[in-house]
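Chemist: Provided below for reference: sequence and predicted model.
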2 protein chains.
Amino acid sequence: MHFMTALGAAWQRRNSLLCVGLDPDPSRFPVHLAGRPDAILEFCRGIVDATADLVCCFKPQIAYFAAQRAEDQLEALIAHIHEKHPGTPVILDAKRGDIGSTAEQYAVEAFERFRADAITVNPYMGRDSVEPYLAYPDKGVILLCRTSNPGGSDLQFLDVGGGEKLYERVARLVAEEWNASGNCGLVVGATFPDEIARVRALTGDMPLLVPGIGAQGGDIAATVAAGRTAAGTGLMINSSRAILYAGKGEDYADAARRTALETRDAINAHR
Amino acid sequence: MHFMTALGAAWQRRNSLLCVGLDPDPSRFPVHLAGRPDAILEFCRGIVDATADLVCCFKPQIAYFAAQRAEDQLEALIAHIHEKHPGTPVILDAKRGDIGSTAEQYAVEAFERFRADAITVNPYMGRDSVEPYLAYPDKGVILLCRTSNPGGSDLQFLDVGGGEKLYERVARLVAEEWNASGNCGLVVGATFPDEIARVRALTGDMPLLVPGIGAQGGDIAATVAAGRTAAGTGLMINSSRAILYAGKGEDYADAARRTALETRDAINAHR
């Protein structure tokens, strides 16, 4: 199924704009998982099974798996999501960005090896660095635009002419040129609601992946008000650490579910 | 040893500015390697052993390993370089870029898991996305500045004020702010010699990693003239495909050595 179709269906069926980010840090796992060779997979599977009916998508962050030599567990986790929770899109958060011939390899990694439905991509190297991902007609390609971290302003907020900021130019390039097949989205941080509104104005109904609520401090009401489409969707609002580490014990998945439910409902209260 | 110390020593001892890029594509391997489970490692080890005395560094491109589920072969390859060719710096070409907590994981991946001496990093997310790499005092951090691909101009050539281009701003940020520990370098494509000269003027003696000669068509004479320091060094001029696939048979490593030697000498003729 096309990523955009699956995402649209998940927004409706789950009545949720919540994306749960899967950033597994073994030093924060419950003690009963300590020392297990498949602890990362077990931990994430617990989170996924406890929250799948509350989310519009999952977003595993590949760095957390790569640092632990756990690519095999990432493969197994995504396969588990596809099998047990069909129709729940998986965004591989990898922020890749390289020349075309190398980007082809990264696309194989994300879409064929890991079987992700979408990938995050860095726009700094321009159009031909993005095309190999766009060439997969059913996959989503989510470009970094305005990121939620403090240094995001170092380049993204530079004026590139006529009062246009670099992040606005990226939004416009993606909306007007790179999105010819309708499979693009953008990353816009919740820490900058004014800029979410600006990106929404530039991109029509394009899906926006919004990190930065929860541990990073972004405001849910402002994010939803700035970013929702006329249909009350258009957003994948990510929370990772606040949900993953809501509990510290064997019942960590129940605690995660409670926090995910609260977060989903807090988002829905402002739609 | 500090990456910069090792690189400086390699420039002198090897009398070479050549960096051999390790982009293993199994579809282009000699037939005698076909079907071997460790074909990627074998192929790359052949290239490394045939060219190590001709290079100032090696640059494995992680995408080619990740697409083949061959992270274990990348680990073994870098371990081989450290063991058999000590003092030859290894740059992991990964072009990572993410918020600080995620960048910490990528730094663990590059420097602790793969034991690379340096990593390439994308500057789009700003300073705090780079700091976790800079925190490793002996490692090199090589920021994308002006890339060699056609789309490189989409963002990097935008005027960010007073006639300054985005890539120049990146060069200035790195030289004036991010390089406090002296472990930064920059990526500047050989396809743009005028811009190599501009980056050299902005960054003093900072090492520049220059892809784009060989298969991408960049000019060696113009690259060296534009980028060398007063000492006749300061450059890591990368060639990947032209060397890796110089031969198609069992003697591919000999063919790679001949091409590497010609390339090194062509570079030295203009120093």
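Modeler: That came through fine. Numbers count the residues shown, from 1 in each chain, chains lettered A, B, ... in the order given.
Chemist: contacts, neighbours, all on C-alpha from now
Modeler: Fine.
Chemist: Need the mean per-residue confidence for the top helix by length along chain A.
Modeler: Taking DSSP state H as the assignment, the helix of chain A that covers the most residues is helix A:252-268. Model confidence over helix A:252-268, given as mean pLDDT, is 97.
Chemist: So for it, what gets flagged as buried?
Modeler: If you call a residue buried by 16 or more other CA atoms under 10 Å in any protein chain shown, then helix A:252-268 has these buried ones: A:252-261, A:263-265, A:267-268.
Chemist: try stretch A:182-191
Modeler: Neighbour-count burial for stretch A:182-191, with 16+ other CA under 10 Å as criterion, is recorded at A:N183, A:C184, A:G185, A:L186, A:V187, A:V188, A:G189, A:A190, A:T191.
Chemist: The closest residue to A:R198 other than its chain neighbours: neighbouring residues, count only.
Modeler: Ranked by CA to CA, 6 or more residues apart in numbering or on different chains and with sequence neighbours excluded, the top spatial neighbour of A:R198 is A:E168, at 7.7 Å. For A:E168, the count of nearby residues is 23 (other CA atoms under 10 Å in any protein chain shown).
Chemist: residues in contact with A:E168?
Modeler: The contact partners of A:E168, by CA atoms under 8 Å, 6 or more residues apart in numbering or on different chains, come to A:C145, A:R198, A:V199, A:L202.
Chemist: Of those residues - the most surrounded one?
Modeler: Using other CA under 10 Å as the contact criterion, the top neighbour count among the contacts of A:E168 goes to A:C145, which has 31 neighbours.
Chemist: What does the pLDDT read for it?
Modeler: Predicted confidence (pLDDT) for A:C145: 98.
Chemist: Next, it: phi, psi?
Modeler: Dihedral angles phi and psi of A:C145 (degrees, to the nearest 10) take the values phi -130, psi -70.
Chemist: For B:D219, see how far away it is.
Modeler: 34 Å (CA to CA, to the nearest Å).
Chemist: what's the answer for A:R127, then?
Modeler: Counting by CA to CA, the gap from A:R127 to B:D219 is 24 Å.
Chemist: Between the buried residues of helix A:252-268, which sits nearest B:S153?
Modeler: Nearest to B:S153 out of the buried residues of helix A:252-268 is A:I267 (CA to CA; 38.8 Å).
Chemist: Enumerate every residue touching the nearest residue to the closest one once chain neighbours are set aside.
Modeler: Counting by CA to CA, 6+ apart, A:I267 lies nearest to A:I220, which is 6.2 Å off, once chain neighbours are set aside. The contact partners of A:I220, by CA under 8 Å, 6+ apart, come to A:A190, A:I213, A:A266, A:I267.
Chemist: hmm, which two among these are most spread apart?
Modeler: Within the contacts of A:I220, A:A190 and A:A266 form the most distant pair, 14.4 Å apart (CA to CA).
Chemist: So what does the residue positioned nearest the centre of chain A have for phi and psi?
Modeler: Centrality entry for chain A: nearest residue to the mean C-alpha point is A:K59, 4.8 Å, by CA atoms, centre = their mean. A:K59 has phi and psi values of phi -130, psi 90 when expressed as degrees, to the nearest 10.
Chemist: In terms of pLDDT, where does it sit?
Modeler: The confidence metric pLDDT takes the value 98 at A:K59.
Chemist: contacting residues for it?
Modeler: With contacts defined as CA under 8 Å, 6+ apart, the neighbours of A:K59 are A:C19, A:V20, A:G21, A:L22, A:V90, A:I91, A:L92, A:D93.
Chemist: ok, now with 10 Å
Modeler: Contacts were defined as CA atoms under 10 Å, 6 or more residues apart in numbering or on different chains; by that measure A:K59 touches A:19-23, A:78, A:89-94, A:116, A:118-120, A:209, A:236, A:238-240.
Chemist: can you narrow those to ones near chain B?
Modeler: The subset of the contacts of A:K59 lying close to chain B, counting by CA under 10 Å from any CA of the partner chain, consists of A:D23, A:D93, A:A94.
Chemist: Of those - the most surrounded one?
Modeler: Highest neighbour count within those, by other CA under 10 Å: A:D93, with 23 neighbours.
Chemist: where in the stretch 51-200 of chain A is pLDDT low?
Modeler: Per-residue confidence for the stretch 51-200 of chain A (pLDDT under 70) gives no ranges below the cut-off.
Chemist: can you pull out the helices in it?
Modeler: According to DSSP state H, counting those that start in this stretch, the stretch 51-200 of chain A carries its helices in the segments A:62-66, A:71-84, A:100-107, A:131-134, A:152-156, A:166-173, A:193-203.
Chemist: And these: which comes nearest A:S27?
Modeler: Ranking the helices of the stretch 51-200 of chain A by distance to A:S27, with CA to CA as the measure, places helix A:62-66 first at 11.5 Å.
Chemist: So is the closest one next to chain B?
Modeler: Yes: Helix A:62-66 reaches chain B (CA under 10 Å from any CA) through A:I62, A:A63, A:Y64, A:F65, A:A66.
Chemist: tell me which of those residues is nearest to B:V141?
Modeler: Taking CA to CA as the measure, B:V141 lies nearest A:A63 of the residues of helix A:62-66 next to chain B, at 17.4 Å.
Chemist: Contacts only, for that closest one.
Modeler: With contact taken as CA under 10 Å, 6+ apart, A:A63 is in contact with A:23-24, A:69-71, A:93-94, B:96, B:98, B:101-109.
Chemist: And A:S153, by the same measure?
Modeler: Going by CA under 10 Å, 6+ apart, A:S153 touches A:R146, A:T147, A:K165, A:L166, A:Y167, B:Y124, B:M125, B:G126, B:R127.
Chemist: Recalculate using a threshold of 8 Å.
Modeler: When contacts are counted by CA under 8 Å, 6+ apart, A:S153 touches B:M125, B:G126.
Chemist: who in the stretch 151-271 of chain A is up against chain B?
Modeler: Proximity of the stretch 151-271 of chain A to chain B (CA under 8 Å from any CA of the partner chain) is limited to residues A:G151, A:G152, A:S153, A:D154, A:L155, A:Q156, A:L158, A:D159, A:V160, A:G161, A:L166.
Chemist: And the furthest pair within these?
Modeler: Largest separation among these by CA to CA: A:G151 and A:G161, giving 21.0 Å.
Chemist: circling back to that earlier point, between A:R127 and B:D219, who's got more neighbours?
Modeler: Using other CA under 10 Å as the criterion, A:R127 and B:D219 rank with A:R127 on top: 22 against 15.
Chemist: Nothing else from me, thank you.
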